[in-house]
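Trainee: Sequence below, structure please.
(chains A and B)
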Amino acid sequence: MKITLFIPCFVDQFYPQTGLSLVRVLERLGHTVDYPEAQTCCGQPAFNSGYWDEARAVAERQIAVFHDAEIVVIASGSCGAMVKVFYPELFQGHPREAEARALAAKTFEFSDFLVNRLGVLDVGARFPGRATFHDGCHGLRELGLKNPPRQLLQHVRGLELVEMKEAETCCGFGGTFAVKFPMISTAMGEVKCASIAGTGADYVISNDSSCLMQIRGVLDRQGKSVKTLHLADVLAQT
Amino acid sequence: MNAHARTFNEAARQQTADLRQRAWIQTALSGYYAKRDEFKNRFQSWPAARDTAAAIKWEAVNHLDRYLDEFASRLEARGTSVFWAPDAQAARDYIVGVAREHQVRSIIKSKSMTAEEIHLNDALEQAGFEVVESDLGEYIVQLRHEPPYHLVFPAMHLTRQQISNLFHDRLGSAPTDNPEDLTMIARRVMRRKYCEADMGISGANFAIAETGMISITENEGNARLTTSLPKVHVAIVGIEKVLPRLSDLALFLPMLATAGAGQPITCYNTLYGGPRQPGEPDGPEEFHVVLLDNRRTELLADAEQREALHCIRCGACLNVCPIFKNVGGHSYGTTYQGPIGSVITPHLRGLQDWKHLSQASSLCGACTETCPVKINLHHHLLHNRRNAVRERPARFEKLIQTAFVFVMRRPRLYEWIGRFGRILQPLQRLVRGTLLDPLRAWTKTRSFPPVAEKSFRELWRERKKP
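Mentor: Residues are numbered from 1 along each chain as shown, chains lettered A, B, ... in the order given. I've put the predicted structure just below:
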């Protein structure tokens, strides 16, 4: 299958290795991977701030970039939810509505794509260690992806997966919320990090790098050595 | 930033810094989660129950004109006075008027968030009437001169020790941290008040159109005494409380108790259909129902957010909200706290004044997931944000968003800005956390990741090279 990658802007700039991990896993499964360089951002920062005209202007470009793609795989539950759930609403009654809906229909978050589209649970990964999984809210509630990341992790050799208390509680990132209300965002991050610490895990894994940026940020200030990893980074290890 | 937003930020800053208080709220809610899940599982299908409840509320709210008329005319047929209050002032004036007409000396009141919404106690006290709250939690916050902390658990922020101290100071009781003893202290005061009161005020959990009755659900039996001992009973009811049929209660009473308090059903569930009828031995001589609009009809006119009127005030969205759990109920500065409050307060009290509550959310959606009547709460927060911007964009933010669009529509420019960021980041490290740091809001409490030496697109290009 020919897969077109949507690498979110902050993954592109801060976590490019996660993008490469995605490529490695998909190629290992025998697929061809393409990355159109004209892509930038899904438009979520403007959308969540209430600037829907601006969000539409950015989203329009991505719709054009991915117009000819067969399948789009995106390395983030949050940006995935933006495309799959919010593009149709954003373009409702707009000339590009049909194209927005078409992109939404062919876009998949990484774990969703592997488990629900390809039916793959074991990607042949090996990663020794004790890990806990953090549910990004958008992946969990907008896309309904509670099980797929866990199913994939359960098939990783050497990996011991332990559930944290309140795995489904938000880490407090929330995009611009994190800087508009830093005190609330940080408090939420502290609650999340206490849950992580409670598991005694060496790694916290998520399918959203934005959550991991928040969690890492708080863990660093707490002097905690727990490592943060994107799901793709774990699945890429052999 | 307006005054309400500044007050909210300051309160949130204080509350999030209060680790003891945050831990206490977590503890106070921990029992609720287990019980809620236990009783949800007693439903044959909780998801199906939610679907049905949402459909019934949709039916009621989208035919509110018809059902309210039916509700009012059936009440009136049994001798109830129904007053249609367009706003808070009209509702307060009417109720103060009833109190004056009967020359009441003492008023007893059971729990009502709608009464809180119109600041009824203040109005009655200013008019010279004494009002005593008969719900234990409400009585406690009344003694502290505080608004309710949570729309279902008004005194959840207080420990037994604090309540004991309060009773000691205000009522002269001996210190105790035994819950039964504390309840008995309040009960002794209350029993006397019930007998003295010549007017009782209540809210309503549901208004049944089919039979013209209000339904009140409670655990302490205080609402029954409040509504039946005094000679006048006034119930204040938001117009969205209507349910079409009596049989709808078979779903809504257990659902409200389960979602709201983690109970299979509340201890006392009572229907009130009118004043004492000829031949009846007890009940009030007069029964007044005040139907409150107070801008609910404006929300009704908003097709996109109309479903916010489905709310049955169970408080489940507060209980799961990580914002509520960390900032606490008083920080909001509103009658209705938590996600539902953030959704409806801009409608009830002005979008520009209260839009900050819609922004103060990570949009995690735990509220929407738990809402028994399936209100799409976190998406309505997004809608409020959009509406606020559409009405009046913030100048600085508009500039940033315009720049964002300019960059994100130009991949080459975007890439160059990324490279520029890589060069500038060492400089940012020099001023990290200080006033000069452009990332200060983040870096004050969290580490910020370094911009990668090569972006993904650069690595991709290298990878493609033969």
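
Trainee: Need the pLDDT of the closest residue to A:Asn147 other than its chain neighbours.
Mentor: Spatial nearest neighbour of A:Asn147, chain neighbours left out: A:Val115 (7.6 Å); criterion: CB to CB, 6 or more residues apart in numbering or on different chains. Quick note: C-beta positions are derived from backbone N, CA and C, even for glycine. What the model reports for A:Val115 is a pLDDT of 98.

Trainee: ok, now which ones touch A:Val115?
Mentor: A:Leu121, A:Asn147, A:Pro148, A:Gln151, A:Leu152 (CB atoms under 8 Å, 6 or more residues apart in numbering or on different chains).

Trainee: Which strand runs longest in chain A?
Mentor: strand A:126-134 (DSSP state E).

Trainee: In whichever strand or helix holds B:Arg461, which residues are buried?
Mentor: For B:Arg461, the host element (DSSP states H and E) is helix B:456-464. Within helix B:456-464, the residues scored as buried using 16 or more other CB atoms under 10 Å in any protein chain shown are B:Phe456, B:Arg457, B:Glu458, B:Leu459, B:Trp460.

Trainee: Tabulate those residues (CSV), appending distance to chain A and pLDDT.
Mentor: Output for the buried residues of helix B:456-464, formatted as CSV (distance: CB to the nearest CB, whole Å; pLDDT from 0 to 100):
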residue, distance to chain A, pLDDT
B:Phe456, 4, 98
B:Arg457, 5, 97
B:Glu458, 8, 97
B:Leu459, 5, 97
B:Trp460, 5, 97
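
Trainee: follow-up on the earlier one: for the longest strand of chain A, output the C-alpha coordinates as CSV.
Mentor: Extracted C-alpha coordinates of strand A:126-134, given in CSV (Å, rounded to 0.1, in the frame of the first residue of the first chain):
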residue,chain,number,x,y,z
ARG,A,126,11.4,-5.7,20.7
PHE,A,127,11.8,-3.3,23.5
PRO,A,128,12.8,-4.4,27.0
GLY,A,129,11.5,-2.4,29.9
ARG,A,130,8.6,-1.5,32.1
ALA,A,131,6.2,1.0,30.5
THR,A,132,2.9,2.7,31.1
PHE,A,133,0.7,4.2,28.3
HIS,A,134,-0.8,7.7,28.5
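
Trainee: And the next helix or strand past it?
Mentor: Downstream of strand A:126-134 (by DSSP H and E), the next one is helix A:137.

Trainee: And what about B:Gln142, helix, strand or coil?
Mentor: Assigned state for B:Gln142: helix (three-state reduction, DSSP: H, G, I helix; E, B strand; the rest coil).

Trainee: Verify the stated contact: it with B:Glu133.
Mentor: Yes: using CB atoms under 8 Å, B:Gln142 is in contact with B:Glu133, at 4.5 Å.

Trainee: who touches both of these two?
Mentor: B:Asn121.

Trainee: Is any residue of stretch B:42-50 near chain A?
Mentor: No: Stretch B:42-50 lies out of reach of chain A by CB under 8 Å from any CB of the partner chain, never closer than 12.9 Å.

Trainee: does the closest residue to chain A within the stretch 1-150 of chain B belong to a helix or a strand, and which?
Mentor: As assessed by CB to the nearest CB, chain A sits closest to B:Thr16 within the stretch 1-150 of chain B, at 4.0 Å. Per DSSP H and E: B:Thr16 is located in helix B:3-17.

Trainee: who's in contact with residue 35?
Mentor: You didn't say which chain, so I picked chain A. With contact set as CB under 8 Å, 6+ apart, A:Tyr35 has these partners: A:Thr4, A:Leu5, A:Ile7, A:Val23, B:Phe456, B:Arg457, B:Trp460.

Trainee: could you do chain B instead?
Mentor: B:Lys35 touches B:Ala261, B:Gly262, B:Gln263, counting by CB under 8 Å, 6+ apart.

Trainee: Which of the three states applies to it?
Mentor: helix.

Trainee: Geometric centre of chain A: which residue is closest?
Mentor: Against the mean C-alpha coordinate of chain A, by CA atoms, centre = their mean, the closest residue is A:Ser76 at 1.9 Å.

Trainee: hang on, isn't it packed against A:Ser111?
Mentor: No: look at A:Ser76 against A:Ser111 with CB under 8 Å: they stay out of range, at 10.8 Å.

Trainee: Show me the strands in chain A, by range?
Mentor: With strands called from DSSP E, chain A shows them at A:2-6, A:32-34, A:71-74, A:107-109, A:126-134, A:157-161, A:203-206, A:227-230.
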